[in-house]
Every structure is written in structure tokens, then in C-alpha cells.
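Chemist: take this sequence and fold it.
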Amino acid sequence: MIEVRHLTKKYGKHTAVEDISFTVEPGKIYGFLGPNGAGKSTTMNIITGCLAPTEGEVLIDGHSVLDEPIEAKRAVGYLPEVPPLYPEMTPEEYLRFVAEAKGVRRDMIAEEVEGVMASTGITDMRRRLIRSLSKGYKQRVGIAQAMIGDPDIVILDEPTEGLDPQQRAEIRDLIGTLGKDRTVILSSHVLSEVQEICENIIVISHGKLVADDTVENISRSLRQDITMTLTVMATPEEVESVISGIEGVKSFSIVSTNGSETSAKIKYGSELDLRETVTFAFSDIRRAVVSMGIEEESLEDIFLKLTSDGADASPDGAGTGGEDAEDAEDTEDAEDEEYDEDEDGDLKYDPADYIGGTDSGPGGTGTEDTEGAEEIGKTEEKNSDGGDYKPLFGGK
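Modeler: Residues are numbered from 1 along each chain as shown. The predicted structure follows:
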């Protein structure tokens with residue numbers, strides 16, 4: 001389980017993420033959504049321990065990412081937006097390298113690599129150079145490295161970006177398979193695939209949490225009116241007469257007529273349920289209701305409502321996007337740069353932004369940032385049972 005508590009990240013005067021809190025329950029697939037520059041990548045980098053927050057904390061299976069980074073990272077497999085691949089290696093060579101880096105026992109590496117290659121469908125590509133693979137297969141290799149070490153949580157940042165429709169479908173199927181025995185967090189701009197795959201969605205806008213629930217519950221909380229579609233064995237005049245007499249109907253329209261059938265749309269308040277009332281009203285004039293349905297909002301409709309500029313934040317996280325962040329149009333660039341401003345307003349590098357990082361930014365010396373670096377940088381510390389390295393991401 002992941003617990004995000006009052007997370008804030010600032011870049012100089014700009015706030016990329018502001019006081020967000022949410023919980024990711026085990027065994028579900030979550031969609032992590034937001035417009036460009038909303039703070040998605042910043043949040044994911046903090047969750048995975050690649051970036052330090054300004055305020056707040058993240059707990060993974062009870063372990064603080066800041067205070068217990070090794071233990072926390074053992075539970076996580078991470079695929080960044082750009083897969084961390086070595087093009088001169090083959091998939092098999094690369095996955096063996098990742099397994100060793102994650103501290104998989106040496107006598108288990110071959111079995112581990114075979115298993116993730118089979119799961120991601122890259123066994124036939126095992127001896128081809130990664131640079132010669134299609135983008136779809138490169139994404140598969142990236143997902144395979146996230147699975148090494150059998151992590152309980154897999155975080156995927158834009159895994160279908162740039163893929164053709166067939167490749168997208170294959171990756172969606174793969175993610176669905178992953179979600180059967182793992183917790184998956186999926187960031188994507190393709191809302192249709194999020195709606196197809198994910199059980200819950202988390203939406204942030206302008207650095208603030210604006211929704212955290214199922215698509216159905218969020219849609220219900222945002223909906224002011226319900227639109228009913230109706231087909232009746234009656235004339236348009238009869239349909240108009242009956243609907244106009246039903247209390248609670250805000251508006252209606254005749255959509256089409258086909259022989260003895262008439263189709264209409266009825267709009268009424270979300271606090272009402274008029275299905276039974278409409279059915280009995282037509283029964284009273286001995287006219288049969290052929291079909292009846294309620295129009296559902298798409299995830300795209302919900303997303304636009306939640307992230308529209310000027311919308312007010314809801315206290316329960318199911319409302320609409322909060323205040324515009326300062327210089328919001330520059331947020332996406334700000335997420336990618338780890339700089340603060342000095343007294344004159346000029347940008348300067350701050351190694352404290354990195355957990356256990358080194359002072360190797362602009363003008364840096366390449367020396368270690370001593371606070372936190374010693375503990376987190378111990379990737380070569382030996383396990384008590386022999387010569388395997390302690391695992392970082394996804395190792396057990």
C-alpha cells in the first residue's frame with residue numbers, strides 16, 4: 001500500500017505539487033491523470049524516491065521513502081516515461097544486469113529473467129540489440145525491468161506514449177495481466193485506455209488533488225443533470241404529451257421516429273430517478289416502452305470538468321481543480337529542472353532536491369551531498385547471506 005501525506009514540492013517560487021494526500025490500496029489498477037504541467041511526473045518521482053519533497057511524506061508498505069529508502073524501494077517497480085534502456089545490450093543482457101542491480105539472488109537470476117521475458121512477450125527478442133527493437137518492444141523491455149524482483153507495486157509513466165494502435169492494445173493487455181496480482185499505477189494521456197483498464201482514478205490539476213475515486217462515483221458527484229434515452233411504441237405527439245406531464249422533467253426532445261416507434265431524450269435533476277415514473281406513465285396510455293437507458297459521461301468529459309481553469313476545489317477530492325498555480329504554463333518545464341532561485345532571482349542548483357544525490361548540477365563539483373547520500377547510496381553493501389547487492393527498486 002502507498003500512503004501519500006500532505007505532499008508539497010516547490011521549485012524556487014513555483015509550487016509544482018501542493019499539499020496532496022491519497023492512499024493506493026493493494027491489488028488495484030489506478031489511473032493517475034492530469035493535464036500537462038499538473039505535477040504528475042513530480043509526484044511519481046517523489047513516490048519512487050527519485051526526488052525529495054519540500055514537505056510531506058510517502059509511505060510504501062509502512063516504510064518511509066525518505067527515512068527507509070531501501071526497504072521502500074524493494075516494493076516498487078518503476079517505468080519512467082523514457083524507459084531506462086541500454087541500446088547496445090540485448091534484452092536478456094539488460095534484464096540480467098537489472099536483476100543484479102536489484103539484488104536478486106544469483107542462483108535465481110536466470111529464472112527471474114526468463115519469467116519476466118515470458119510475461120511481457122519478449123522471449124523471441126532476447127538476443128536482438130535493444131536499439132534495433134520497435135518502440136513497442138522497447139516499452140515491453142521497460143515494463144520487464146520494472147517487474148524484476150517481483151515488486152508488489154508497479155508504477156508506469158506513459159507506457160503507451162508514441163505507440164501505434166496495435167501496440168497500445170498489446171500493452172493494455174499486458175498491464176491488465178500485471179494488475180491481477182500487483183498494484184499498478186498508470187499515468188497516461190489516453191483517457192479511453194485508462195477508463196478501460198483502471199478501477200480507480202486519481203486526478204491532479206495545477207498541483208492539487210481534485211479527484212480520487214472510481215469513475216462512476218466521480219461522475220455521480222459531478223453530475224447535475226441526468227439524460228435518459230427512450231424509445232416508445234407511440235406517436236411523437238403522444239410521447240410529448242406524456243413526458244410534459246411528468247413532474248421533475250427539465251427538458252426533453254424528440255430524437256427520431258421510425259414507423260410506430262418514437263425516440264426521445266429527457267433531462268432531469270441528478271437527485272431524481274424517473275425510470276419507473278416514465279414507464280408507468282406510458283403504461284397508463286397502453287404504450288410499450290421498447291428501450292430505456294441513461295447516458296453515461298465519458299472519462300474525457302469528467303477530466304475536462306475536473307481540470308477546467310477557474311473551477312473550485314472540492315474538500316473531498318471529488319470536485320474540480322483548485323487555484324491556478326503561479327506561471328502554470330511553465331509547470332511542465334519546472335518539473336524537469338531541479339533549480340531554486342537565489343536572492344537576485346537567478347536560478348541556482350540545489351542538490352538537496354535529490355534524495356542522496358550528488359552536487360553535480362551546473363557549477364557542481366561532483367562531490368556527494370552528505371545529508372542522506374551515505375545511507376541511500378549504499379548500493380554495494382553486501383547482504384548477510386553472501387555476495388548479492390542489496391536491492392533497490394523491486395528487489396526482495
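
Chemist: from the chain's centroid, how far away is the helix or strand where Lys138 lies?
Modeler: Element membership of Lys138, judged by DSSP states H and E, is helix 135-147. Centroid displacement of helix 135-147 relative to its chain, using Cα atoms, centre = their mean, to the nearest Å, is 17 Å.

Chemist: in it, what counts as buried?
Modeler: In terms of neighbour count (16 or more other Cβ atoms under 10 Å), helix 135-147 has its buried residues at 136-147. C-beta: built from backbone N, CA, C; applies to glycine.

Chemist: which residues are contacting the next helix or strand after that helix?
Modeler: Counting by DSSP H and E, the next helix or strand C-terminal to helix 135-147 is strand 153-157. Contacts to strand 153-157, defined as Cβ atoms under 8 Å, 6 or more residues apart in numbering, come from residues 2, 24, 40-41, 44, 47-48, 60, 75-81, 143, 146-147, 175, 178, 182-187.

Chemist: buried ones among those?
Modeler: 2, 24, 40-41, 44, 47-48, 60, 75-80, 143, 146-147, 175, 178, 182-187.

Chemist: just the helices from this structure, written as ranges.
Modeler: 40-47, 69-74, 91-101, 109-120, 135-147, 165-178, 191-197, 215-222, 236-244, 275-284, 299-307, 331-336, 370-376 (DSSP state H).

Chemist: where among those helices is average confidence lowest?
Modeler: Note on the helices of the chain: helix 370-376 shows the lowest mean pLDDT, a mean of 40.

Chemist: what's the neighbour count on the residue lying closest to Arg220 once chain neighbours are set aside?
Modeler: Nearest residue to Arg220 in three dimensions, chain neighbours excluded: Ser270, at 7.4 Å (Cβ to Cβ, 6 or more residues apart in numbering). When counting by other Cβ atoms under 10 Å, one arrives at 13 neighbours for Ser270.

Chemist: sorry, back to before: ok, the buried residues of helix 135-147 vs Thr235, which is closest?
Modeler: Gly136 (54.6 Å; Cβ to Cβ).

Chemist: contact partners for that closest one?
Modeler: Gly136 neighbours (Cβ under 8 Å, 6+ apart): 163-164, 166-167, 170-171.

Chemist: any idea how far Thr177 is from it?
Modeler: 16 Å (Cβ to Cβ, to the nearest Å).

Chemist: also Thr183?
Modeler: According to Cβ to Cβ, Thr183 and Thr177 sit 14 Å apart.

Chemist: give me the common contacts of these two.
Modeler: With contacts taken as Cβ under 8 Å, 6+ apart, Thr183 and Thr177 have no neighbour in common.

Chemist: please report phi then psi for Ala234.
Modeler: phi -160, psi 160 (degrees, to the nearest 10).

Chemist: what is the burial count for it?
Modeler: Using other Cβ under 10 Å, Ala234 is surrounded by 23 other residues.

Chemist: and Val232, how many neighbours does it have?
Modeler: Neighbour number of Val232 under other Cβ under 10 Å is 26.

Chemist: bridging residues for Ile153?
Modeler: Counting by DSSP bridges, Ile153 is bridged to Val76, Thr183.

Chemist: okay, now it: neighbour count?
Modeler: Per other Cβ under 10 Å, the neighbour tally for Ile153 reads 23.

Chemist: same thing with Glu271?
Modeler: 8.

Chemist: give me phi/psi at it?
Modeler: phi -80, psi -10.

Chemist: how close does it sit to Arg220?
Modeler: On the measure of Cβ to Cβ, Glu271 and Arg220 end up 11 Å apart.

Chemist: Asp133 reaches Gly142, doesn't it?
Modeler: For residue 133 the amino acid is Leu, not Asp. No: contact criterion Cβ atoms under 8 Å: Leu133 and Gly142 do not qualify, at 10.7 Å.
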